[in-house]
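Colleague: Sequence first, predicted coordinates after that:
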Amino acid sequence: MSSTAPAADATNQKSPDTPVISGPLDEKDRPHRSVLSSLGRLWPYVKPMFPRLILSCLLAGGASLFGLLFPMAIRAIIDGPIAHRDMSAIWWPATLLLVLGVGEAVLFFLRRIVINTPAVRFEQRMRDDLYEKLQRLPVAFHDLWPAGQLISRSASDLGIIRRFVAFGGVFLVVNIATFVVGVVLLLGISWQLGLIVAGLSIPLIILCQVFERQYKDLARLSQDQAGDLTTTVEESVLGIRIIKAFGRSAHIGRRFVDQALQLRKTELDKARVVSYLWAVVVILPELALGICLWLGIERVADGAMTPGDIVAFFAIAMGMRWPIESIGWLLTEANNTAAASDRYFEVLDAPVTIASPDRPERAPGRAGRLTFNDVSYSFADAKPGTPPLLDHVDLDIQPGETIAVVGATGSGKSTLTALVSRLYDVTGGSITLDGVDLREFELADLRQRVAMAFEEPILFSASVRENVLLGMEGGTDADVQQALSVAQADFVLDLPWGLDTRIGEQGMSLSGGQRQRLALARAVVGRPSVLVLDDPLSALDIHTEAQVEAALRSVLGSTTALVIAHRASTVMLADRVALLSGGRITAVGTHSELMASNPDYRHLLASDTPDGTHPDRAGSNHRTDSTASADTSSTSHRTATSQEGAER
Ligand SMILES: Nc1ncnc2c1ncn2[C@@H]1O[C@H](COP(=O)(O)OP(=O)(O)OP(=O)(O)O)[C@@H](O)[C@H]1O
C-alpha cells in the first residue's frame, strides 16, 4: 500500500494549515477591502478585453471631446461672422459644427460595437469559471452554502459586473477625463472663472469617500438579501408539494414577504444614501455656474471677456454638468460592482479540499478489495471538541463481497459510504482500494471504479439514456438496456419515446420507485469495481424489491458492494453485515450470526412476524433463514418518509 496520502487528525482539532471550508461569511468575519481593491480582482478577466476597453474609452472620450468643442465653434460664429456681420465667413465654423455633431454620434455608435462582444465574452468566462469551480468544490462546501446564494452570484451579480466593466467603468474614466479637459478649456477662456469650476473637484472627492464608506456595505447587504430571497423561492418551488399538502402557502408566503421587506428596506437605505450624494453633486455645479455667471457678466461688461467667450464658457460648463452629475451614479455602480466582485471571489477562493493528487496512482485491474483502516470522520462545521461521527472504523471487504451496513438513524451510515467515492475525505485513518489509498487515485478514475446510488434519486432534465449514462464515455444503448434490466427499470422502454423520453424536471413524471430504479441503473451501467448503495430500494414495494435484488445478485456476484440497509430484505443481498454504532463498527457477521448474538442488531432489525419470516418471503428461494426477510420496525417509517419525498 502506498503511504503518500496525507495523514489526518481524527479529532475536530484542525491544524492551522488545514484549508477550512465555511459557508457564506458574516459581515464581521469578512476581510475589509476598498472598492478599488475589490474591482482590481477583476483584472485577470478584464485583461483580454483591455485593448478593446482602451479603444472604447478613446471613442467615448473622443465623442465627449467633440461635444466640448461644439461651443468653441459657436464662439467662433458669434465672435466672427455675427460680430463682424460677415456671413460669408460662416461656412467653415458651420461645417465644423456639422462635423462635430456627426462625429460625436458616430464615435458613440462605434464604442458600442467595439465593446459589446468582448463584454459578453467577459461575463461568459466569469460564469464558466464559477460553474467549473462549483463542480470541483467538495460536497462539504455545498452542504454549507444555500443554493440561492450561488445562483444569485452566477446570475445577477455577473450582470452587475459586466455592465460596469463595459459601460459604467468606461464612462467613469471618460467623464473624469472630460471634466479635466473641460476645466483646461475653461481655464483657457478665463482662468479666474475656470478655477471656480475646478474647485468643485475638492468637495466632490471628499463626498465620494464618505459615500463609498456608507454605500458599499449596503450594496453588499442588498446582494446577500437578494441571494437569500432566491433561496426561499428555490426551496418553495422544489417543495411545492409539501407546502400545498400541509396548507402552508400562507406561512411560506409570509417568510418570503418578510425577506422581501428586508431587501426593500436595504434598497431604500441605498436610495437614501444615493439621494444625498446626488443632491450635493447636482447642487455643486449649479452653485459654481451661478457664481461664474455673476462674475462673467461683470467681466464682459468690463471688456475682459468677449460675448463669444462667455457663451463658449457656459456652453462648455453646461456640457460638463452630465459628466459631473453622472459621477454620483457611476460611483453607485462601482460600489455595487465591488460588492458583487467580493461575492464572486468568495466562491472562487473557497478551497478545493478534495482533488486529484499531482501524480495519481494508475493501478490497473478491478479486484475491488475495499479496506477501512482506522477511519474517522468529523463534519467541517462540527463544534470543536465534539466526538467524531465516525471513530476508528476498521472494515475489510473482499473483492466481490457484499457488505450491508446497518445502524440506527443518524449513526453515520451515509457518511461512511460517501467516504468511498471521496464525496467527503476521511479526517483520520485511510480507505484503500486494492491497497491504494483513495486519495492517490485521479478523482475521475476513482469515481469510475466506485459507483453510487442514493436513496433520494436525482434525475436530470434529460433523456432516459442521458440520465443513465450521465456522460459515461463509450456507453451504448446495449449497456443502458442491460443496466435497466438489472435495476428492473425496463418500464422506461414503454415510455412514449423509449430511451429518448425526457424525464426529470419539466420531463416525464416518474414515481419515487421508478426514479430509484433509474438511479440504480445509472450506478451499475459502468460496471464499477465497487458499488455503493445508500438504501436505494427504499421506495420499492417488496415484490419489485425482490425482483431488483434477484437481478442485482448477478452484478453483485463479481462486484464489491457496500449496501446501507434499513430492512432485513435489503440485508438479504449481503454476504456479511456490519453494525455501525457509536461511530464504530461494533460487530461484523452474517445476518443470522448477528441476530443470534447481538441484541443491538436484533433490536434494529426486529422482525414483524412471530417467527421472524416475512409473510411474502417465507418459502421463497432467497438466501434466508428463519429471521431473514422480516421488514424492520423502522421500515414503515422509512417507507413513509421516502414516499413522502420521492413519490411523484
Ligand atoms: N453536512 C453535514 N454537516 C453536519 N452534520 C451532518 C451533515 N450531514 C449529516 N450530518 C449529521 O451526521 C449524522 C450522520 O448522518 P448520516 O446521514 O450519515 O446518518 P445515517 O446513518 O445515514 O442516517 P439515516 O439512516 O437516517 O439515513 C447525523 O446526525 C446528521 O445530522
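Modeller: That came in fine, so what should we check first? On a predicted model such as this, the values are computed, not experimentally measured, just so you know.
Colleague: Look up the residues forming beta bridges with the closest residue to Trp497 other than its chain neighbours.
Modeller: Spatial nearest neighbour of Trp497, excluding adjacent residues (Cβ to Cβ, 6 or more residues apart in numbering): Ser463 at 7.8 Å. For every residue, glycine as well, the C-beta is placed using N, CA and C. With DSSP bridges applied, the residues forming beta bridges to Ser463 are Arg502.
Colleague: who are the neighbours in contact with Ser463?
Modeller: Taking Cβ atoms under 8 Å, 6 or more residues apart in numbering, we find Ser463 in contact with Trp497, Leu499, Asp500, Thr501, Arg502, Ile503.
Colleague: repeat that for 10 Å
Modeller: Applying Cβ atoms under 10 Å, 6 or more residues apart in numbering, we find Ser463 in contact with 469, 492, 495, 497-504, 507-508.
Colleague: what do you get for Ile564?
Modeller: 404-407, 413-414, 416-417, 454-455, 532-536, 538, 570, 580.
Colleague: from those, which are also near the ligand?
Modeller: The subset of the contacts of Ile564 lying close to the ligand, counting by Cβ under 6 Å from any ligand atom, consists of Gly407, Lys413, Ser414.
Colleague: and which of the residues you listed is nearest Ala198?
Modeller: Each of the ones next to the ligand among the contacts of Ile564 was scored against Ala198 by Cβ to Cβ, and Ser414 proved nearest at 68.8 Å.
Colleague: I figured that closest one hits Asp534, correct?
Modeller: Yes: applying Cβ atoms under 10 Å, one finds Ser414 in contact with Asp534, separated by 5.4 Å.
Colleague: out of these two, which sits in the busier spot?
Modeller: Using other Cβ atoms under 10 Å as the criterion, Ser414 and Asp534 rank with Asp534 on top: 20 against 17.
Colleague: and the host helix or strand of Gly513, what other elements does it pack with?
Modeller: Per DSSP states H and E, Gly513 falls inside helix 512-524. If contacts are counted by 3 or more Cβ pairs under 10 Å, 6 or more residues apart in numbering; DSSP states H and E, helix 512-524 sits against strand 450-453, helix 464-469, helix 477-486, strand 502-503, strand 530-534, helix 542-556, helix 635-646.
Colleague: Reformat those as a markdown table; add mean pLDDT and distance to Arg272.
Modeller: A markdown table is the format used below for the helices and strands packed on helix 512-524 (pLDDT from 0 to 100; distance: least, Cβ to Cβ, whole Å):
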| stretch | mean pLDDT | distance to Arg272 |
| --- | --- | --- |
| strand 450-453 | 88 | 52 |
| helix 464-469 | 90 | 51 |
| helix 477-486 | 89 | 60 |
| strand 502-503 | 84 | 49 |
| strand 530-534 | 89 | 52 |
| helix 542-556 | 76 | 62 |
| helix 635-646 | 34 | 45 |
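Colleague: Of the ones you listed, which is nearest Pro48?
Modeller: helix 464-469 (33.5 Å).
Colleague: This protein against the ligand: which residues are in contact?
Modeller: Asp143, Phe379, Asp381, Leu389, Gly407, Thr409, Gly410, Ser411, Gly412, Lys413, Ser414, Thr415.
Colleague: which residues does the fifth one contact?
Modeller: Under the criterion of Cβ under 10 Å, 6+ apart, the contact partners of Gly407 comprise 413, 416, 564-566, 578-583, 585-586, 600-601, 604.
Colleague: Tell me which residue lies nearest the centroid of the protein.
Modeller: Leu150 (3.2 Å; Cα atoms, centre = their mean).
Colleague: Check whether Val577 sits in a helix, strand or coil.
Modeller: Assigned by DSSP: H, G, I helix; E, B strand; the rest coil, the conformation of Val577 is strand.
Colleague: Give me the neighbour count for the closest residue to the ligand within the stretch 101-250 of the chain.
Modeller: Relative to the ligand, the nearest point of the stretch 101-250 of the chain is Asp143 (3.5 Å; Cβ to the nearest ligand atom). Close neighbours of Asp143, defined as other Cβ under 10 Å, add up to 13.
Colleague: Grab the nearest non-local neighbour of the residue nearest to the centre of the chain.
Modeller: Leu134 (6.4 Å).
Colleague: Please convert the contacts of Ser463 to a markdown table, extending it with neighbour count.
Modeller: Listed next are the contacts of Ser463 as a markdown table, based on neighbours: other Cβ atoms under 10 Å:
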| residue | neighbour count |
| --- | --- |
| Leu469 | 23 |
| Val492 | 26 |
| Leu495 | 17 |
| Trp497 | 11 |
| Gly498 | 14 |
| Leu499 | 18 |
| Asp500 | 11 |
| Thr501 | 18 |
| Arg502 | 18 |
| Ile503 | 22 |
| Gly504 | 19 |
| Gly507 | 16 |
| Met508 | 17 |
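Colleague: and of those residues, the nearest to the ligand?
Modeller: If you rank those by distance to the ligand using Cβ to the nearest ligand atom, Gly504 comes first, at 23.4 Å.
Colleague: Enumerate every residue touching the closest one.
Modeller: The neighbourhood of Gly504, defined by Cβ under 10 Å, 6+ apart, consists of Ile458, Leu459, Phe460, Ser461, Ala462, Ser463, Val464, Glu466, Asn467, Leu510, Arg515, Leu518.
Colleague: Which parts of the stretch 151-300 of the chain are helices?
Modeller: Under the criterion DSSP state H, counting those that start in this stretch, helices of the stretch 151-300 of the chain are mapped to 156-163, 169-189, 191-198, 201-238, 240-245, 249-302.
Colleague: mind putting these in a markdown table, mean pLDDT and mean neighbour count included?
Modeller: Output for those, formatted as a markdown table (pLDDT from 0 to 100; neighbours: other Cβ atoms under 10 Å):
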| stretch | mean pLDDT | mean neighbour count |
| --- | --- | --- |
| helix 156-163 | 93 | 20 |
| helix 169-189 | 87 | 19 |
| helix 191-198 | 88 | 18 |
| helix 201-238 | 85 | 17 |
| helix 240-245 | 82 | 13 |
| helix 249-302 | 88 | 15 |
